[in-house]
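Visitor: what follows is a predicted structure for the sequence shown.
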Amino acid sequence: MNVLRSSRTTLLLLAALAARNAAAQGAPAPQAPPAVDINAELDEFISTDQIQAASKRVQDVASAPADVVVLRGSDLKAQGYRTLGDALGGVLGFISNADHAYQGMGMAGVYTLGDQNTRMLILLDGHALNSPAEVGSSKLGEDFGIPLELVDHIEVVRGPASSLYGNNAFQGLVNVSTLFAAGDSQPGFLGAATAGSGGLGELWAAGSVPIHGAMASLVVSGFRRTGTAQDLPELQDAPLPANADAESRQSAYLYVKGSDWSFAGSFLSRLQRLASGPYGSIAGDTGNFYENRRLSAEFKWEPRTDSVRWMFRFFGDRNTFSDQFRVAPLETFAPAQPDQQTDVDPDRSLGLEAQGRANLNGHLSLTFGTELQYHRYFGAYLDAQGAPSVDTEVSYGIGNTYLEANWAPTAAWNLVGGLQRADWIPGRVASTIGGVEQDAPKESISRLTPRLSVIWKPAAGEVVKAVFGQGFRFPTIFERYYTDEATQAANPAIKPEVLTSSQVSWSRTWTSRLTTHVAATLFSWQDAIIPGSSGDQEQYQNAPDAKKGRALEAEAAWRHQGLELSGGVGWYDWTYQGAPLENSSRWNGVLKAVQRLGAWSLAGDARYVDGRQSAGTGSAVPANWTLRASLRWDTARCWAQASVEDLTNSRRRDLVAPEYSPVTWMAADGRALRVVLGVRL
């Protein structure tokens, strides 16, 4: 525990300012959308768009030591995206992967099958949503829980960001900034109802009221989908019933902002039925489901002195994952009933962070801080009678201390260097199998992570960046400690995986209407955590060789008199042991269009993903174009929107993880219509 003691000492000595939400703009006030000078908006977007995710401080995109994409709230509304995953799927290099359980997302053209987004850090107004209760998963689908109508902007950092954020910021980082965090909200009310194909229905309402000098904002939301029939050729000829794919969610988010403090609290409960019958369960049985529950709270205080901006953050989370599977009984005679198997995995955590940001002489600025987290995890496997036959208990601490220096000797040059030390320190580790408790080996894991960037601005509107960074991911509790002495073996000696990225990019504003961006990147993925075996049992292990990747991306944006066109194409080459990496796409493309005419907007996007293959099963899915369109009418008091997903009914196919065997791929739902009616009061 010496490292934690050292971190506590550092916590008392260092002060920290976490990514301040002052960059968020707008408010849920009942007012008409303002008239926009499209060309002026483009100039502002290119040169002064303010972000906070890249360096945990507010800065413009051009000065950020990373490859950053900003998705503006106005475009999110025009496109009619419903979920965070839908919006991210329109970012070049992002690969959406759906298995009718979770919406997965890969970056740089590759997605690891079975990964529940553990390699991407998702932040909501600066608060991490990754859940240790589900092997570190982040929330991109209905389990995100915040209507995108209430999002001011989304900051996407493409590439590792662990030098400041630590675990999970492996392939990238996404920070969703809501309207509530802006600080200039006015009293008002928003509400909307959505209906769509597949029995989709959603109601949400949001309001802001002043309370003793602070502004309190609350959003509540409910969602249900009766499901779509799934056609899985490996299981049967007839489609599985639609209600076996049903989904529901309830959520709430409270944000209170004072002059130098803020409080955020959230609740979410989501249930997804599993028609496909993973882990050998009965396909089409409505008793198969995943359930997620999240309860979180965070208080942030941001005092300021003459020389240093400070932040102190106190937070707590309770994440619970549970599942249930209906498995055919061993008995072959009637009236035998299916056996029921259940897992319950709650994780409770408390944490605090201190951070400071100091400008020493006008040319050199420092960001420094320490974050501590304390977790208690208890996972239980329940037999058909509801008695725990296997359980895993782990208490552990996470320490994260970081320093980043930004030196700007001239207006044209910025040099950024960062270093972070992370520690994963187990306290109690025990497994109980058949009523017998067994202590597991305990070994701390530490990681030192650097970042270095050189930013050159040779002329107005032109930026060249050279960025070297690393990301790491600690083994999850499931990967490191879970054992049942029958099918799964623990591996306490497993090491964290490390992704090293080296990138050169060039951005250029050619005119007030046209901007371009080109980037070339090399990746080296060391000690990747992959499924393996130990005797007759499965066991997670580190890959013996590195995964190698190369990427070349080109993007452009053009605007003129209310018309905006943007898009790009990316080439990716991932290999492992001399062969193409599993589920990697060589080509990725995206094209977006938005036309605004007074109160009306017409928008659409086209997404291309090259074919992918599975190394384990030898199966493959073909390349796919997915088209969508949205029409919106917006006035001071109300709005209406109609969106069509998958216009050509292409039904993109996605590979799935081994737990769905014998199923190797699943198809998207296909063409779907969604209609939204909203009101402002």
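Guide: Structure's in. What do you need?
Visitor: for residue 491, helix, strand, or coil?
Guide: coil (DSSP: H, G, I helix; E, B strand; the rest coil).
Visitor: residue 243 now?
Guide: Using three-state DSSP, the secondary structure recorded for residue 243 is helix.
Visitor: what sits against the nearest residue to it once chain neighbours are set aside?
Guide: For residue 243, ignoring the flanking residues on the chain, the nearest one in space by Cβ to Cβ, 6 or more residues apart in numbering is residue 227 at 5.4 Å. Yep, even glycine has a C-beta here, placed from its N, CA and C like the rest. Residues in contact with residue 227, defined by Cβ atoms under 8 Å, 6 or more residues apart in numbering, are 198, 199, 241, 242, 243, 244, 245, 246, 247, 273, 275.
Visitor: can you select the buried ones from these in ChimeraX?
Guide: Buried members of those, defined by 16 or more other Cβ atoms under 10 Å, are picked up in ChimeraX with:
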select :198,242,244,245,246,247,273,275
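Visitor: make TSV out of the contacts of residue 227 and add pLDDT.
Guide: Shown next, in TSV, are the contacts of residue 227 (pLDDT from 0 to 100):
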residue	pLDDT
198	90
199	93
241	89
242	90
243	92
244	92
245	93
246	95
247	95
273	94
275	91
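Visitor: measure the residue nearest to residue 243 to residue 342 for me?
Guide: Separation of residue 227 from residue 342 (Cβ to Cβ, to the nearest Å): 22 Å.
Visitor: next: residue 247.
Guide: Distance, residue 247 to residue 342, by Cβ to Cβ: 19 Å.
Visitor: likewise residue 450?
Guide: For residue 450, the distance to residue 342 (Cβ to Cβ) stands at 44 Å.
Visitor: re the thing from before, now the residue nearest to residue 243: phi and psi?
Guide: The phi/psi pair for residue 227 (degrees, to the nearest 10) reads phi 110, psi 170.
Visitor: now do the contacts for residue 552.
Guide: Per Cβ under 8 Å, 6+ apart, neighbours of residue 552: 519, 520, 521, 570, 571.
Visitor: closest to residue 579 out of the residues you listed?
Guide: Using Cβ to Cβ, residue 571 comes nearest to residue 579 of the contacts of residue 552, at 18.2 Å.
Visitor: chain neighbours aside, what residue packs nearest to the closest one?
Guide: Spatially, and ignoring its direct neighbours in sequence, residue 571 is nearest to residue 552 (4.8 Å; Cβ to Cβ, 6+ apart).
Visitor: partners of that neighbour in the sheet?
Guide: According to DSSP bridges, the residues that bridge with residue 552 are residue 520, residue 571.
Visitor: mind checking how far it is from residue 503?
Guide: Residue 552 sits 11 Å away from residue 503, going by Cβ to Cβ.
Visitor: for residue 448, same thing?
Guide: Computed with Cβ to Cβ, the distance linking residue 448 and residue 503 is 21 Å.
Visitor: quick one, which of these two is more surrounded?
Guide: residue 503 (21 against 11; other Cβ atoms under 10 Å).
Visitor: residues contacting that one?
Guide: By Cβ under 8 Å, 6+ apart, residue 503 lies in contact with 67, 159, 465, 466, 467, 468, 519, 520, 521, 522.
Visitor: change it to 10 Å
Guide: Under the criterion of Cβ atoms under 10 Å, 6 or more residues apart in numbering, the neighbours of residue 503 are 66-67, 158-159, 453, 465-469, 519-523, 551, 553.
Visitor: same question, residue 375
Guide: Shown in contact with residue 375 (Cβ under 10 Å, 6+ apart): 132-133, 317, 319, 347-351, 394-398, 424, 426-427, 477.
Visitor: can you tell me which of these are buried?
Guide: Applying 16+ other Cβ under 10 Å to the contacts of residue 375, the neighbour count classes 132-133, 317, 319, 347-349, 351, 394-398, 424, 426, 477 as buried.
Visitor: which stretches of the stretch 201-350 of the chain have low pLDDT?
Guide: Where the stretch 201-350 of the chain drops to pLDDT under 70, the residues are 329-339.
Visitor: quick one on the thing from earlier: tell me which of the buried ones among the contacts of residue 375 fall in strands.
Guide: Among the buried ones among the contacts of residue 375, DSSP state E puts 317, 319, 347-349, 351, 394-398, 424, 426 in strands.
Visitor: nearest to residue 576, of these?
Guide: If you rank these by distance to residue 576 using Cβ to Cβ, residue 424 comes first, at 25.9 Å.
Visitor: I'd say the closest one and residue 494 touch.
Guide: No: Residue 424 lies out of contact with residue 494 (Cβ atoms under 10 Å); the separation is 11.5 Å.
Visitor: list residues touching both of those two?
Guide: The overlap between the contact sets of residue 424 and residue 494 (Cβ under 10 Å, 6+ apart) consists of 443, 445, 474, 475, 480.
Visitor: burial check on the residue nearest to the first one when sequence neighbours are not counted, number of neighbours?
Guide: With sequence-adjacent residues excluded and distances taken as Cβ to Cβ, 6+ apart, residue 443 is closest to residue 492, at 6.2 Å. Here the number of neighbours of residue 492 (other Cβ under 10 Å) works out to 14.
Visitor: which ones are touching residue 492?
Guide: Taking Cβ under 10 Å, 6+ apart, we find residue 492 in contact with 426, 429, 440, 441, 442, 443, 475, 480, 481, 483.
Visitor: those residues in strands, which ones?
Guide: Filtering these for strands - DSSP E - leaves 426, 429.
Visitor: and the contacts of residue 492, which is closest to residue 544?
Guide: Closest to residue 544, out of all of the contacts of residue 492 and judged by Cβ to Cβ, is residue 475, at 16.3 Å.
Visitor: distance check, the residue nearest to that closest one when sequence neighbours are not counted against residue 597.
Guide: Leaving aside its sequence neighbours, residue 475 sits nearest to residue 494 (Cβ to Cβ, 6+ apart; 4.7 Å). Counting by Cβ to Cβ, the separation of residue 494 from residue 597 is 57 Å.
Visitor: residue 679 too?
Guide: 22 Å.
Visitor: neighbour count winner among those two?
Guide: Ranked by neighbour count (other Cβ under 10 Å), residue 679 and residue 597 place residue 679 first, with 14 against 10.
Visitor: you'd agree that one is up against residue 638?
Guide: Yes: using Cβ under 10 Å, residue 679 is in contact with residue 638, at 5.0 Å.
Visitor: spatially central residue for the chain, please.
Guide: Residue closest to the average C-alpha location in the chain (Cα atoms, centre = their mean): residue 122, at 3.7 Å.
Visitor: ok but it is inside a strand, no?
Guide: Yes: counting by three-state DSSP, residue 122 is part of a strand.
Visitor: and it, what does it touch?
Guide: Residues counted as contacts of residue 122 (Cβ under 10 Å, 6+ apart) are 84, 88, 105, 128-131, 137-140, 144, 168-169, 172-176.
Visitor: okay, it: pLDDT?
Guide: Per-residue pLDDT puts residue 122 at 92.
Visitor: gap between it and residue 656?
Guide: Per Cβ to Cβ, residue 122 is found 22 Å from residue 656.
Visitor: could you do residue 482 as well?
Guide: Separation of residue 482 from residue 656 (Cβ to Cβ): 21 Å.
Visitor: so where is the chain shaky, pLDDT-wise?
Guide: Along the chain, segments meeting pLDDT under 70 span 1-49, 54-55, 133-136, 138, 183-185, 329-339, 383-388.
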